[in-house]
Each structure stands twice: as C-alpha cells, then as structure tokens.
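Novice: my questions concern the predicted model and sequence given below.
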Amino acid sequence: MTKPPTAASDVIVLLVDDQMIVARAVRQLLAQDQDIALHYCPSPQQAVERAAALQPTVILQDLVMPGIDGLELVRVYRATPATAEIPIIMLSTKEDPTTKSQAFAEGANDYLVKLPDRIELVARLRYHSRAYRALAVLRDLATRDGLTGVWNRKMIFDTLREELARAERIGNALSIVMVDLDKFKNINDTFGHPAGDAVLQEASRRLSACIRVYDHVGRYGGEEFLIVLPSCDREQARELSERLRQSVANVPVNVDGKELHITCSLGVASIDTANLITVEALVHAADEALYLAKEKGRNCVQVAPLPVLGRMI
Ligand code: GH3
Ligand code: MG
Ligand code: MG
C-alpha cells in the first residue's frame, strides 16, 4: 500500500486506518500527485512507532479503530517527542461537533469527514506539510548557529538552565565545559577568514562527535563553545574534556589542501548534588577555569572546584 517517496515528494503522509478499503481509496485519490508520498499503517498499535521512524509531514488519522480510540492515539503522538509536532488530520465518519471539538482539544490540527473530496484532501495535506516544514526552518534559524550548525548562544543557555534545574530537582550531577580555540586569530591572519570558518566548522564537528546523545554543544561566542553534560560528574567531565582536547589537536584540519594544526583550551565546572547554584555562577566558574588553562600554556584542561552552598570556592 506504500507509494514510495520520490525526490519531488515534499508531502509525506502517514495514513493510520484499520480498514484496507479506506487506504485503497485514499491511494486512488492521491495517485496523480507526484509531490505526495503515501505510507499506510493498518495497525493502530504500531502507529506511533511508525510515525516516529518515518517522520511524515502529516498524519491522516482514523478516529474509530479496534482496540484503540483515535483520540487516545492523538494524545500519544503529542506526548512523544519524535511525533509531538507533526500535523494530524483526523479522518472520520462522525460529523458531530462534540467529537470534532474533542479531537481539536487533544491536539489534532484538522478534521475531515470520510471520504473527502480529492481537491480538499490534497489542498489540506499540502497546506499542513508546508506549514510544518516552514516551522522547522524557522526553528532552526532561531536555535542553531548559522556557521557550525550547533546550538546558538541563546539555545545552549536555555538548555543549560533547564538541565541545571532538572539536575537539582533529582539530585544529579551536571558538568559544563567551556572550550576556546587557541591563537585562533593567527589562523584568520595567516590563512584568511574563510579558512578560519572552515576550522570552526571542523572543530564543532569534532566536539559534537565526542559527546553522548543527551549532551549539548552550543557556540558561546566567536571561537568559543559551551558543552552541557547532564548526569556527568567532575571526574567524568575531566576525562571527557581530555578526549575533546585530543580530538581537536591530534589530527590537523585540512583546508584547501593545507594542513592546519589547531588546539583548544578547556575549562570545566560541575555540581555534584543539590548545589543550588545559578547558571551565571556555573558559567563564570568554567570561564575562570578556561582562563587558567590559557595561563598554563593552552592546549590543556582545567577543572573548577566544586561549589559549596551555591558558591564556587
Ligand atoms: P587565545 O588563545 O587567547 O584564545 O587567542 P585567540 O586568538 O583565539 O583569541 P582572540 O579572542 O584574540 O581572537 C579570537 C578570534 O576569533 C578573533 C576573531 O576574528 C575570530 N573569530 C570570531 N568569530 C569568527 C568567525 O565566525 N569566523 C572566523 N573566521 N573567525 C572568527
Ligand atoms: Mg581563542
Ligand atoms: Mg575567545
């Protein structure tokens, strides 16, 4: 029942409906539209998993299915991070306003009565997909650094604020690492600004490659990165920082056939459990440790002392 996506398909639809006959009818309705790829999931039990893996740009969701209520599924899509924002169009034989308002209240974006007119169905699928894609582009622009693709300064700070609050709430450790490329001005002065840009991109790739999936890297300033490490204590952060240092320094960066040797200095600051420290104080402590690393000759890691009663000592 799956119409394979083509390069031109910017509308990726996941139809969830237990009735094969509906899938066949929808497929017929969409047969001429080359920009629409239709995927079909007959099993409501597998719908959320399927949507999370496929990442459709719109879900066409049946309302009445055996075993699971369509509204219950909408609730699960919304509560699952991988599907939380995918537009959902309910597809139903029911036309009563109560059911419709329940669907919207659960987080559905639209409601169509089976079987909809072809023009209306296509228009709505395209409309929701475009809005969803546009939102993703805007979100990237608002949260990612344009040059390196890692989080921008605001996003990494917001993330740190959330992670620090969570660490304190559950009594977990948390560490941050401030990374600053050494003598980076020389790279620009000697090889030019575009070469400097390429080095920044490669350095951020290397830093990102060293960390775990639930860690976060952001560009804090020009040639400075901030890394947030949830559930990572001081010693683990020290070890990781040493690996980060090596991954930047061990292999020269190739820019236009030239091998550029780069190094970085790293400052680590951590909390163990319930230190009740502000984001600003923690970042300041990492900054001080970084400053010390620069003073000690660069290309090294320095670790701040643990805070006591909310103060770094
Ligand atoms: P230190 O070891 O003390 O950190 O020396 P440094 O030269 O790295 O530090 P400094 O702060 O003197 O210089 C940082 C340089 O980074 C200056 C600035 O032009 C450059 N820079 C900042 N942002 C960018 C960028 O986006 N692209 C490029 N190519 N260079 C940048
Ligand atoms: Mg520097
Ligand atoms: Mg700097």
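Specialist: Here it is on my side, so go on. Ligands and ions are numbered 1, 2, ... in the order given.

Novice: chain center to whatever helix or strand T99 lives in, what's the gap?
Specialist: Element membership of T99 [criterion: DSSP states H and E] is helix 97-106. With CA atoms, centre = their mean, to the nearest Å as the basis, helix 97-106 stands 30 Å off its chain's centre.

Novice: which parts of the stretch 51-200 of the chain sit against ligand 1?
Specialist: With the criterion set to CB under 6 Å from any ligand atom, the stretch 51-200 of the chain comes near ligand 1 through 147, 180-185, 188, 193, 196-197, 200. For every residue, glycine as well, the C-beta is placed using N, CA and C.

Novice: ok, for the closest residue to ligand 1 within the stretch 51-200 of the chain, nearest residue in space, not its chain neighbours?
Specialist: Residue nearest to ligand 1 within the stretch 51-200 of the chain: G196 (2.5 Å; CB to the nearest ligand atom). Of all residues not flanking G196 in the chain, N188 sits nearest, at 4.1 Å (CB to CB, 6 or more residues apart in numbering).

Novice: number of nearby residues for that neighbour?
Specialist: Using other CB atoms under 10 Å, N188 has 16 other residues around it.

Novice: picking up where we left off before, residues contacting the helix holding T99, please?
Specialist: Residues outside helix 97-106 that contact it (CB atoms under 8 Å, 6 or more residues apart in numbering): 63, 70-71, 74-75, 78, 90, 92, 111.

Novice: in stretch 14-32, what's buried?
Specialist: 14-18, 22-23, 26, 29-30 (16 or more other CB atoms under 10 Å).

Novice: distance between the ends of it?
Specialist: From its first residue to its last, stretch 14-32 covers 17 Å (CA to CA, to the nearest Å).

Novice: L29 against K114, yeah?
Specialist: No: contact criterion CB atoms under 8 Å: L29 and K114 do not qualify, at 11.2 Å.
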